[in-house]
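**Q** Sequence plus predicted model, see below.
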Amino acid sequence: GAVVSQHPSRVICKSGTSVKIECRSLDFQATTMFWYRQFPKQSLMLMATSNEGSKATYEQGVEKDKFLINHASLTLSTLTVTSAHPEDSSFYICSAPGRAAEAFFGQGTRLTVV
Amino acid sequence: GEDVEQSLFLSVREGDSSVINCTYTDSSSTYLYWYKQEPGAGLQLLTYIFSNMDMKQDQRLTVLLNKKDKHLSLRIADTQTGDSAIYFCAEVGAGGYNKLIFGAGTRLAVHP
């Protein structure tokens, strides 16, 4: 099946720094990708929809200046957490639509801000 | 609004069947999904069912959909220790395909 690769799988950064997370569709093109956030023992919450060649669409309550999304090509979307704080520590997962009704997820990135 | 609810925990004995239940609120959902998440990993699509179907079976997995009651279940036959994971039910949100609304997840623990 289709593969979505997310990198890095784990990152620790200092407060105030920025972290970039990459999401790649390896064997298919994705004009749309979705970014989710998962808190411990909780479900996935959709943060934003990444659109190739245009601006991302953010869900209510998500700061677009804080979570910068770039979808520069048909196979790559990036999420940059800017000026990270400990409360940004979470598990971030991307997904890309496949054929029909399928959605393929990356492996996830565990971000820890110290 | 859109909401998906699941029980949080299920414990079964190895070899028994597991049944994980889910209720959803959006009657216009066209697809409903079951995903599996192992510790520290991303989500693996197990199966999905179209809203005009009542049942779908795929090897050890059986999905039942009661559209009237907005109830979805996942049955795992002959549950193995490798099935221990968190199982998420999801429905398609208003944004269309693949903008998914997830339940909180059911943690399945399989013991000898």
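**A** All right, it came through fine.
**Q** Would you confirm that residue B:50 contacts residue B:33?
**A** No - counting by CB atoms under 8 Å, residue B:50 does not reach residue B:33; the two are 10.8 Å apart. C-betas here are computed from N, CA, C, even on glycine.
**Q** So these two - more neighbours on which side?
**A** residue B:33 (25 against 13; other CB atoms under 10 Å in any protein chain shown).
**Q** tell me the pLDDT at the more buried one?
**A** Model confidence at residue B:33, expressed as pLDDT, equals 92.
**Q** And the one 3 residues further on, by the same measure?
**A** Per-residue confidence for residue B:36 comes out at a pLDDT of 94.
**Q** Spit out the contact partners of it.
**A** B:43, B:44, B:46, B:85, B:86, B:87, B:88 (CB atoms under 8 Å, 6 or more residues apart in numbering or on different chains).
**Q** Equivalent analysis for residue B:102, please.
**A** A:43, A:44, A:45, B:4, B:35, B:88, B:89, B:90.
**Q** can you check residue B:77 too?
**A** B:17, B:60, B:61, B:62.
**Q** Give me the phi and psi for it.
**A** For residue B:77, the backbone dihedrals are phi -80, psi 150 (criterion: degrees, to the nearest 10).
**Q** Distance-wise, check it relative to chain A.
**A** Distance, residue B:77 to chain A, using CB to the nearest CB, to the nearest Å: 23 Å.
**Q** And that residue, what's its pLDDT?
**A** 98.
**Q** Is residue B:33 in contact with residue B:99, as I believe?
**A** No - the pair residue B:33 / residue B:99 is not scored as a contact, 12.0 Å apart, by CB under 8 Å.
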